[in-house]
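Peer 1: from the sequence below, what's the structure:
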Amino acid sequence: SAVFYDRLTIHHEGNAVNYNTDLQTVTRDLKGILISHVDLGYGDIAYHLVIDRAGRVWEGRSLMYEGAHVSGQNEKNIGVMLLGNFEEQKPSEEQIAAMKLLVSLLRNRYRIKKHRIYGHCDLGPSLCPGKHLYEHVVALRES
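Peer 2: Now for the predicted structure:
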């Protein structure tokens, strides 16, 4: 049976600054994240969906399975991660547009209320999703 979701958490990759948009490099970046998460014992990439700098949305972990993106807070929680470090850089316009559309589609599909859209820092001690992305998360909640 499908997992029931009632909230959504936005993340950034948070590693090095990342401006990659070409398919081959982004694919390599995602494989690197997957390998590091499997090495940590997660069984799969921690996030359900990933948005690259070009605004493409990638499936990480299937929505059939609970994520592993917020310590102790993964139940009924969709994990969306944007590639980049948004303490250090600004998300691209394409990333923000894709995030808005994706969040809208997920909210409609799972009936997630606006006040249940979080940045990682709202649920635990973290700089994630970074100050330059977090302002957009707040805007999604308040729009």
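Peer 1: state the pLDDT value of the closest residue to residue 7 other than its chain neighbours.
Peer 2: Residue nearest to residue 7 in three dimensions, not counting chain neighbours: residue 116, with 4.0 Å by CB to CB, 6 or more residues apart in numbering. C-beta coordinates here come from the backbone N, C-alpha and C atoms, glycine included. For residue 116, the model assigns a pLDDT of 98.
Peer 1: give me the nearest residue to residue 115, chain neighbours excluded.
Peer 2: Per CB to CB, 6+ apart, closest to residue 115 is residue 141, 6.2 Å.
Peer 1: measure how buried that neighbour is and give me the count.
Peer 2: Residue 141 has 15 neighbouring residues, counting by other CB atoms under 10 Å.
Peer 1: where does it sit: helix, strand or coil?
Peer 2: helix (DSSP: H, G, I helix; E, B strand; the rest coil).
Peer 1: before we move on, back to that, list the contacts for the residue nearest to residue 7?
Peer 2: 6-8 (CB atoms under 8 Å, 6 or more residues apart in numbering).
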